[in-house]
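J.: just coords:
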């Protein structure tokens with residue numbers, strides 16, 4: 001899938017001015033369906049961002065945010081790209097998959113040709129994904145611009161101070177199919193690969209004294225957010241238990257609002273129930289040594305103490321954790 005951003009004019013110095021536009025909200029109508037052949041094709045248009053022509057702008061009334069794909073964003077001037085802000089929340093897809101965007105940026109988007117043109121400031125979310133489109137406009141953007149889309153007519157009508165503007169969809173099925181086939185021949189990121197990144201995890205070390213003990217964070221987080229998260233965790237390494245002696249234990253009695261609570265637990269002993277005494281089972285090779293080592297460390301650090309229960313006896317079960 002190929003997406004393009006064409007520049008027809010050199011970028012000019014642009015100063016945004018707030019203008020009080022008076023729009024005559026007259027009725028918008030489309031031709032009767034019995035006079036045309038209804039269409040089921042997507043509706044795409046051309047637009048301008050700070051005097052730069054942008055092709056293949058897809059109008060999606062079901063989307064909740066304005067999307068600009070990275071290949072289109074990279075065609076903009078350095079001055080505009082410098083306005084990119086760090087994203088605060090991820091994007092969520094139909095099936096709940098999450099994807100962290102590259103950033104967010106507000107840009108002036110223009111449709112139509114003077115005098116029947118309309119410019120509005122839209123908040124774009126820049127994402128890294130392969131698409132035949134450059135921009136995806138959602139329902140809020142359509143509302144701000146005053147656009148009414150008719151798929152069956154392949155027309156877009158919108159309000160301007162000088163009257164009603166009309167755009168014909170630029171969608172070319174054969175051209176898009178060729179673009180998709182050409183893109184499939186080239187290596188690149190696709191939507192499915194992006195979703196895999198969203199569910200990936202990354203392990204980082206935050207305590208130089210215990211480099212083998214790592215903390216797991218989301219692999220799809222932006223680099224700046226990863227750096228801040230690592231710094232936050234390193235500043236609070238004292239709240240983690242890096243070894244058994246760091247576990248201070250729980251007091252046997254707690255006072256909450258002047259009420260004393262006991263934290264001790266014990267097995268209920270019912271006289272009508274017969275105690276269960278499991279037969280001794282030998283652990284597999286290697287597990288016996290590991291169990292003895294863990295018990296010895298727990299005893300030395302005061303986490304456990306020796307006790308004898310001749311009537312209730314259960315064999316230990318060793319389970320290897322995913323982190324080793």
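T.: On my side now, so go ahead. The structure presented is a predicted model; accordingly, all values stated were derived computationally and were not measured.
J.: In this protein, where is pLDDT below threshold?
T.: Within the chain, the ranges that satisfy pLDDT under 70 run 1-25, 94-95, 173-199, 248, 267, 309-312, 322-324.
J.: where along it do the helices fall?
T.: Assigned by DSSP state H, the helices in the chain fall at 70-73, 78-81, 139-145, 173-184, 191-198, 223-235, 287-300.
J.: Settle this for me: residue 106 is touching residue 126, isn't it.
T.: No. Assessed by CB atoms under 8 Å, residue 106 is found out of contact with residue 126, at 11.5 Å. Every residue, glycine included, has its C-beta placed from N, CA and C.
J.: Among those two, which residue is more densely surrounded?
T.: Of the pair residue 106 and residue 126, residue 126 is the one with more neighbours under other CB atoms under 10 Å, namely 20 against 12.
J.: so how far is residue 317 from the closest residue in space to the more buried one that isn't next to it in sequence?
T.: Nearest non-adjacent residue to residue 126, counting by CB to CB, 6 or more residues apart in numbering: residue 102, 4.4 Å away. Residue 102 sits at a distance of 47 Å from residue 317 (criterion: CB to CB, to the nearest Å).
J.: Compare those two and say which is more crowded by neighbours.
T.: residue 102 (17 against 9).
J.: Distance-wise, check the more buried one relative to residue 299.
T.: Counting by CB to CB - residue 102 and residue 299 are separated by 53 Å.
J.: Same check on residue 54?
T.: 70 Å.
J.: do residue 105 as well
T.: Going from residue 105 to residue 299 by CB to CB gives 59 Å.
J.: who's more crowded, those two?
T.: Between residue 105 and residue 299, counted using other CB under 10 Å, residue 105 has the larger neighbour count: 19 against 13.
J.: quick check: domain ranges of this structure?
T.: Taking automatic domain parsing as the reference, the chain has its domains at 33-194, 200-239.
J.: Neighbours of the nearest residue to residue 261 once chain neighbours are set aside, how many?
T.: Nearest-residue entry for residue 261: residue 254, 4.7 Å, with adjacent residues in sequence omitted and distances by CB to CB, 6+ apart. Using other CB under 10 Å, residue 254 has 11 other residues around it.
J.: Report the contact partners of residue 254.
T.: 260, 261, 263 (CB atoms under 8 Å, 6 or more residues apart in numbering).
J.: Those in strands, which ones?
T.: 260, 261 (DSSP state E).
J.: I'd like the contacts of residue 254 as a markdown table, with neighbour count and distance to residue 155 appended.
T.: What follows is these, written out as a markdown table (neighbours: other CB atoms under 10 Å; distance: CB to CB, whole Å):
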| residue | neighbour count | distance to residue 155 |
| --- | --- | --- |
| 260 | 8 | 76 |
| 261 | 9 | 71 |
| 263 | 10 | 72 |
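J.: Among the contacts of residue 254, which one sits closest to residue 78?
T.: residue 263 (61.4 Å; CB to CB).
J.: Quick check: that closest one touching residue 251?
T.: Yes. Judged on CB under 8 Å, residue 263 makes contact with residue 251 at a distance of 6.7 Å.
J.: Pop out the phi and psi values for residue 89.
T.: With angles defined as degrees, to the nearest 10, residue 89 sits at phi -140, psi 150.
J.: residues of stretch 209-222 that come out buried?
T.: 215, 217, 218, 220, 221 (16 or more other CB atoms under 10 Å).
J.: and if you look at stretch 91-104?
T.: Result for stretch 91-104 [16+ other CB under 10 Å]: buried residues 91, 97, 99, 100, 101, 102, 103, 104.
J.: With stretch 37-46 instead?
T.: Buried, per 16+ other CB under 10 Å, within stretch 37-46: 42, 43, 44, 45, 46.
J.: Okay, the second one and residue 58: tell me how far apart.
T.: Okay, so that is residue 43. 8 Å.
J.: quick one on the thing from earlier: could you identify which of the domains of the chain is most buried?
T.: Most buried of the domains of the chain, by mean neighbour count (mean count of other CB atoms under 10 Å): domain 33-194, with a mean of 16.
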